[in-house]
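Visitor: next comes the sequence, and after it the predicted model I'd like to discuss.
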Amino acid sequence: MKIFIIGLPRSGRTTVSKELVSAHGWEYIDAMSWIRSTFRSQHEGEHHEQYEDEYHHYLAKKLTAHPNMVIDHVQKMMDTNNGDVFVIDGIVSPKDFAALFDFGHDIVVFLNRTDNEYHFRDHENIGVSVIRDYCFWMSSIALLDRRRWLEYNFRVDGNEPDFVKEMGARNTVLIVKPASRVISHAIDKLKGLVDAVPQ
């Protein structure tokens, strides 16, 4: 089984992914950081936006040459690590998600940080939106069970009382306060979903 953690930059994807792995002994797969590690370091005094522009140009060239490189990487990591449950962090391409996601068994978790002020690039917003639309499509024709599509809505700022509200017709929408509650709730909720799947 695969659990996909989807979200925009600075939404807590890696933090949540690693906490799930730590809590349950599942296998962690970083889908994208290995590509950045093959790119150069940021030059001293280089503006961050310029560095990111050059990285994304580099990434586009690599994907043009090897369109399935992320899919192949994730598959190789699953083949190498003989786990039963894989937490996949960093899928940003709808193509990669569609190729890797098994709607009959896998789980997808969206992290929607409502106070995220990071300046997103168009492809980041569009990528998450298209993955969500694909999930809506699967759910609308009864391929994806709403219990295996979770959306956590939260904000990091503020000291808010403990609160979790669950709703959603096509998916499981969770409004969570405070942000730290997202991790504890996800740890319990996902363990229950994994245990409910026949082996």
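Guide: Nice, I can see it. Here the structure is a predicted model, which is why all the values come from computation and not from measurement.
Visitor: ok, now how distant is L144 from A65?
Guide: 32 Å (CB to CB, to the nearest Å). All C-beta atoms are positioned from the backbone trio N, CA, C, and that covers glycine.
Visitor: in terms of neighbours, single out the busier of those two.
Guide: Per other CB atoms under 10 Å, whichever of L144 and A65 has more neighbours is L144, with 23 against 8.
Visitor: which residues does that one contact?
Guide: By CB atoms under 8 Å, 6 or more residues apart in numbering, the residues touching L144 are F103, V108, C135, M138.
Visitor: which of the residues you listed fall in helices?
Guide: Cross-referencing the contacts of L144 against helices under DSSP state H gives C135, M138.
Visitor: and which of the contacts of L144 is nearest to N125?
Guide: Among the contacts of L144, C135 lies closest to N125 (CB to CB), at 16.0 Å.
Visitor: what stretches of the chain score poorly on pLDDT?
Guide: Applying pLDDT under 70 to the chain flags residues 119, 158-160, 198-199.
Visitor: quick one: the strands in the protein?
Guide: Listed in chain order, the strands found in the chain under DSSP state E are 2-7, 27-30, 86-89, 107-113, 149-154, 163-167, 172-177.
Visitor: mind putting those in CSV, mean neighbour count and distance to D96 included?
Guide: What follows is the strands of the chain, written out as CSV (neighbours: other CB atoms under 10 Å; distance: least, CB to CB, whole Å):
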stretch, mean neighbour count, distance to D96
strand 2-7, 24, 10
strand 27-30, 20, 12
strand 86-89, 24, 10
strand 107-113, 23, 13
strand 149-154, 22, 17
strand 163-167, 11, 29
strand 172-177, 19, 23
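Visitor: adding distance to V128, write those out as a markdown table.
Guide: Converted to a markdown table, those look like this (distance: least, CB to CB, whole Å):
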| stretch | distance to V128 |
| --- | --- |
| strand 2-7 | 6 |
| strand 27-30 | 17 |
| strand 86-89 | 14 |
| strand 107-113 | 7 |
| strand 149-154 | 11 |
| strand 163-167 | 20 |
| strand 172-177 | 15 |
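Visitor: and of those strands, who's closest to M69?
Guide: strand 27-30 (13.8 Å).
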